[in-house]
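> Model the structure of this input:
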Amino acid sequence: MNIAITGSIATDHLMTFQGRFADSLISGQLDKISLSFLSTQLEVRRGGCAGNVAFGMAALGQRPILVGAVGEDFADYRSWLERHGIDCESIHYSRTAHTARFMCTTDDNMAQIATFYTGAMAEARLIELAPIAERVGRLDLVLISPNDPEAMLRHSDECRERGIEFAADPSQQMAWMDGDGIRRLIDGAAYLFTNEYELHLAVQKTGWSEAEVTRRVGIQVTTLGSDGARITRAGEAPIHVPIAPERRRAEPTGVGDAFRAGFLTGLAVDLPLTVCAQLGSLLATYAFETVGTQEYLLGHGEFLARLGAAYGAQTAELVAPKIRCARP
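Okay, the predicted model is just below:
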């Protein structure tokens, strides 16, 4: 199954603050915020939503097609991705801008304050999907993850015009898009990925009810934080999948991307939707236990053992022949 992962490709600059942001916020003075937080740690990592999702899929044995825009400073990052089994032949290079940067500080409560520099990502709107489909033979599914908003709309329009199934994943861009843009992005999607807050934003901005959103897409996947994930399809009872227990807490950045990577891998190997979400939930737990969004290592035996412990031996047996982790 050929799955193209469109979206941001960026470098993550991850910092930690030993305290709580909330303790520095004064009620009634939020319009006058001028704050600085002392960070004791800095990690510079490879990231971006599309890069993270592609890495997670490759970690489970898939060969996703990464689609996005980068700068000339991308050489080392590209080498890393290709070494991990990702198709990077359809990446657009900017001649003038640096690869995007994500700068994020996390406090002791796992709350985050972040800034994203778009850089070369703004040129993603120049990317056409048809030549990519021609190069690889066909595109079975296109994930439209956070990116330059014009690029996201162009990709969804082209998928509808060419009859290519797509998964809409507006995530952080939901806050910046207006109702018309959100309607244009998600209408007709085979899958819609959001968290619970983003779903409420979609309802508020589009003017559609939750039921109408569900009718407009094939399958709606809503992540619920510590409460797991919910899969909704019009006319059917929702499916709830709990989280996979973590062994430690390290860094929440990229957890949602890892969930999507696991879910899409499940789709690629024709697993039931419940198992797709279980696979996504466990991969998200690995990401949560690791600093950096592409630093977790999967051992085949250990991964299946944790999957079985979280969701039952039958699930692990079903998944075992369909994934290929790098380590035994």
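> so who does Ser281 touch?
Residues near Ser281 by C-beta atoms under 8 Å, 6 or more residues apart in numbering: Gly228, Ala229, Val241, Pro242, Ile243, Ala244, Phe259, Gly262, Ala310. C-betas here are computed from N, CA, C, even on glycine.
> could you flag which of those residues are buried?
Gly228, Ala229, Val241, Ile243, Ala244, Phe259, Gly262, Ala310 (16 or more other C-beta atoms under 10 Å).
> Give the full set of residues in contact with the closest residue to Ile186 other than its chain neighbours.
Take Ile186 and drop its neighbours on the chain: the residue closest to it by C-beta to C-beta, 6 or more residues apart in numbering is Ala168, 4.4 Å away. The contact partners of Ala168, by C-beta under 8 Å, 6+ apart, come to Ile144, Ser156, Leu185, Ile186, Ala189, Tyr191, Leu192, Phe193, Val217.
> Among those, which are located in helices?
Among those, the members falling in helices (DSSP state H) are Ser156, Leu185, Ile186.
> Got a ChimeraX select line for the buried ones in the contacts of Ala168?
To isolate the buried ones among the contacts of Ala168 in ChimeraX, judged by 16+ other C-beta under 10 Å, type:
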select :144,156,185,186,189,191,192,193,217
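> Relative to Ala268, which of the contacts of Ala168 is nearest.
Tyr191 (12.6 Å; C-beta to C-beta).
> Specify the beta-bridge partners of Ile3.
Here Ile3 sits in beta bridges with Leu141, going by DSSP bridges.
> That one: neighbour count?
Burial of Ile3 is recorded as 22 neighbouring residues (other C-beta atoms under 10 Å).
> ok, now how distant is the residue nearest to Ile186 from Ala234?
Ala168 sits 16 Å away from Ala234, going by C-beta to C-beta, to the nearest Å.
> in this structure, which residue is closest to the centre?
In the chain, the centroid-proximal residue (C-alpha atoms, centre = their mean) is Asp257; its distance is 2.7 Å.
> tell me which element it falls in.
Using DSSP states H and E, Asp257 sits within helix 255-268.
> Now the element after that helix, going C-ward?
Beyond helix 255-268 toward the C-terminal end (DSSP H and E), the next one is helix 273-288.
> how many degrees apart are that following helix and helix 255-268 in direction?
When axes from the mean of the first three to the mean of the last three C-alpha atoms, to 10 degrees is applied, the directions of helix 273-288 and helix 255-268 differ by 140 degrees.
> tell me the average confidence for helix 273-288?
For helix 273-288, the mean pLDDT works out to 97.
> likewise stretch 310-327?
Mean predicted lDDT for stretch 310-327 stands at 96.
> sorry, back to before: and the ones in helices among the contacts of Ala168, which is closest to Leu126?
Ser156 (15.9 Å).
> May I have the residues that are in contact with that closest one?
If you count contacts by C-beta under 8 Å, 6+ apart, then Ser156 has Ile144, Phe166, Ala168, Arg184, Leu185, Ile186, Ala189 around it.
> again, only using 6 Å
Ile144, Leu185 (C-beta atoms under 6 Å, 6 or more residues apart in numbering).
> if we can go back for a sec, what sits closest to the residue nearest to the centre of the chain if chain neighbours are left out?
Nearest non-adjacent residue to Asp257 (C-beta to C-beta, 6+ apart): Asn52, at 3.6 Å.
> Next, count neighbours for that neighbour.
Neighbours of Asn52 (other C-beta under 10 Å): 31.
> so how far is Thr223 from it?
15 Å.
> Next: Leu282.
The separation that Leu282 has from Thr223, given C-beta to C-beta, amounts to 14 Å.
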